[in-house]
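# Got a predicted model here, sequence first, then my questions.
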Amino acid sequence: MPSKIVARRSPIHGTGVFATQPIEKGERIIEYKGRRRTHDDVDSGDEGSAESGHTFLFTLNDEYVIDGNIDGGVARWINHSCSPNCEAVLIEHEGDDRRRDRVFIEAKRAMKAGAELTYDYGITLGEPHTPRLKKIWACLCGARNCTGTMLKPKRATTKAGGKVVKKAGSRKTIRKTGARKAATKAVTKAGKDVTRKATGKKTKATGKKTSRTGTTARR
């Protein structure tokens with residue numbers, strides 16, 4: 001419900017998104033919008049460069065990315081936090097058109113008016129996480145458990161049948177659990193690194209989103 005939130009200057013970084021009314025735990029707040037683009041299309045351009053320190057790209061699935069730079073909404077301004085009060089939720093379309101999968105931001109806990117919305121970006125980079133890159137993607141959330149970076153820890157492998165996402169640029173990713181069903185929409189919580197089995201089933205991820213992980217980008 002966009003009417004419950006507003007974008008304005010954030011003490012965490014640049015522009016942030018804040019509650020203008022109380023938000024309940026589990027409430028669906030806003031959709032992460034933007035143009036659907038293939039991974040190849042994004043990788044062929046300059047968007048989401050690892051050197052930029054910001055991105056509005058959000059991994060939708062292993063075929064498509066949501067580009068919040070084009071037709072994006074307020075959700076792209078939500079900042080990252082290592083102790084987030086929101087999470088990204090993937091709703092898969094009932095059919096086979098994976099461009100119609102959607103991402104929503106939901107509240108992990110109740111929030112009062114004035115609270116800044118945050119989620120864990122779980123940013124994935126193809127290159128090694130050098131001290132320089134960690135500094136470029138530094139986290140400023142101020143949480144007690146802050147890791148100091150928005151980059152998701154690199155994993156050499158995923159579960160059997162999974163696909164390791166290794167893209168040149170940076171993007172937010174979402175975690176998925178459960179399986180796609182023909183008659184119902186599958187709802188999945190949290191991360192931003194998407195892996196899919198060859199059978200079409202989703203695999204659990206221990207980590208988390210694609211552009212900044214949360215959906216915001218550094219500005």
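Here it is on my side, so go on. Numbers count the residues shown, from 1 in each chain.

# so which helix or strand takes in residue 141?
Using DSSP states H and E, residue 141 maps to neither a helix nor a strand.

# and the residue lying closest to it once chain neighbours are set aside, how many residues sit next to it?
Nearest non-adjacent residue to residue 141, counting by Cβ to Cβ, 6 or more residues apart in numbering: residue 81, 4.0 Å away. In this view, the C-beta of every residue, glycine as well, is placed from N, C-alpha and C. Number of residues near residue 81 (other Cβ atoms under 10 Å) recorded here: 24.

# and residue 81, backbone torsions?
When quoted as degrees, to the nearest 10, the phi and psi of residue 81 stand at phi -150, psi 150.

# Verify the stated contact: it with residue 120.
Yes. Applying Cβ atoms under 8 Å as the test, residue 81 and residue 120 come out as touching, 6.9 Å apart.

# Would you indicate which residues of stretch 23-31 are buried?
Neighbour-count burial for stretch 23-31, with 16 or more other Cβ atoms under 10 Å as criterion, is recorded at 23, 29-31.

# May I see the residues you listed organised as TSV, with distance to residue 68 and pLDDT added?
Putting the buried residues of stretch 23-31 into TSV (distance: Cβ to Cβ, whole Å; pLDDT from 0 to 100) gives the following:
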residue	distance to residue 68	pLDDT
23	21	98
29	16	97
30	12	97
31	11	97
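
# And the helices in the protein?
Taking DSSP state H, the helices of the chain run over residues 39-43, 131-136.

# all strands for this structure, in order.
5-9, 15-19, 28-31, 35-38, 57-59, 64-67, 79-80, 86-91, 102-107, 118-119, 187-188 (DSSP state E).

# Could you list the low-confidence segments of the protein?
Where the chain drops to pLDDT under 70, the residues are 1-2, 46-54, 155-219.

# try 50
1, 156-169, 175-219 (pLDDT under 50).

# ok, residue 94 - how many residues close by?
14.

# cool, the one 5 residues further on as well?
Here the number of neighbours of residue 99 (other Cβ under 10 Å) works out to 15.

# From what I see, it and residue 65 are in contact.
No. Residue 99 is beyond contact range of residue 65, at 10.6 Å (criterion: Cβ under 8 Å).

# circling back to that earlier point, make a markdown table out of the helices of the chain and add mean neighbour count.
Below are those laid out as a markdown table (neighbours: other Cβ atoms under 10 Å):
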| stretch | mean neighbour count |
| --- | --- |
| helix 39-43 | 17 |
| helix 131-136 | 14 |
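
# residue contacts, the residue nearest to residue 141?
Contacts for residue 81 (Cβ atoms under 8 Å, 6 or more residues apart in numbering) come out as 12, 118-120, 139, 141, 143, 214.
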